[in-house]
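>>> below are the sequence and a predicted model for it; my questions follow.
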Amino acid sequence: LPGLGQTFIHFTIRNNLIDDRGIGVLEQTSNCIYAESNGNNYTDFLIYNNVILGATARAILLRDVNNASVHHNTIYGSHPSAQPYSLVTFHNALNIDFRNNIIYGTLPITSFEARCVLDEGTSTFAVRNYNLYYQEDPNQPFTGSETGVGGWDTFMYEWNSWRAASGFEASSPAPQDPLFVDPPNGDFRIQSNSAARTAGQPIYGITRDNAGNPFNTT
């Protein structure tokens, strides 16, 4: 609906399983969850409890969407032929609340640059905390920013300095394997010794996971 000047408010995207792993050789790429205002006013979107596997481009892309809350999402890897730049990308998105997400990158740096999170343009965060990042290839940047701290590429070994300079992720565990139970067979529960366990923050109104189970706070 380009250029209508309309307001779209309080959209919720939740409890979805999006699996791009089995599509074979790529002829084109697609974004799994994609919202772009395109001349309208997109605001107060809530995106939570989604599981996104093997994205062929970006798992989540928000362009010109303000006041978005992105919570409790599990994002696991990219299709081997993907060219994602980043699994989660915010472009000119203002006042983002980004909490309680696990983002696991699988592409080797020789394949394509694939950050866990990238903010472009004028994007800003109201909250960025309680997230767990991991790159199987430590040469992949885990985050990047067009205008913020660290520039386009910040690596897992730069975690402490980036966190201190940016003010983000003050309560988050350092980047590490979240220890899913059995990713190849689709079991993305976390093991008892996962750093993600008890690392999240309770969020009002979100009390159950994407399987409908109450959140375990122990």
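Alright, I've got the coordinates.
>>> could you dump stretch 11-23 to PDB, C-alpha only?
Coordinates of the C-alpha atoms in stretch 11-23 are reproduced here as PDB (Å, rounded to 0.1, in the frame of the first residue of the first chain):
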ATOM      1  CA  PHE A  11       0.100  -5.100  14.500                       C
ATOM      2  CA  THR A  12       1.200  -8.300  16.200                       C
ATOM      3  CA  ILE A  13       3.200 -11.100  14.600                       C
ATOM      4  CA  ARG A  14       3.600 -14.000  17.000                       C
ATOM      5  CA  ASN A  15       4.000 -17.800  17.500                       C
ATOM      6  CA  ASN A  16       5.100 -18.500  13.900                       C
ATOM      7  CA  LEU A  17       7.500 -21.200  12.700                       C
ATOM      8  CA  ILE A  18       9.200 -20.000   9.500                       C
ATOM      9  CA  ASP A  19      11.500 -22.700   8.000                       C
ATOM     10  CA  ASP A  20      13.500 -21.900   4.800                       C
ATOM     11  CA  ARG A  21      16.100 -24.600   5.300                       C
ATOM     12  CA  GLY A  22      14.700 -27.100   2.800                       C
ATOM     13  CA  ILE A  23      14.100 -25.000  -0.300                       C
END
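>>> okay, now residue 65: neighbour count?
Taking other Cβ atoms under 10 Å as the criterion, the count of residues near residue 65 is 26. Just so you know, the C-beta spots here come from the backbone N, C-alpha and C atoms, and that holds for glycine as well.
>>> run through this structure and note the low-pLDDT ranges.
The model of the chain has pLDDT under 70 over residues 1-2, 23-29, 216-218.
>>> residue nearest the centroid of this structure?
Most central residue of the chain, judged by C-alpha distance to the mean C-alpha position with Cα atoms, centre = their mean, is residue 88 at 4.3 Å.
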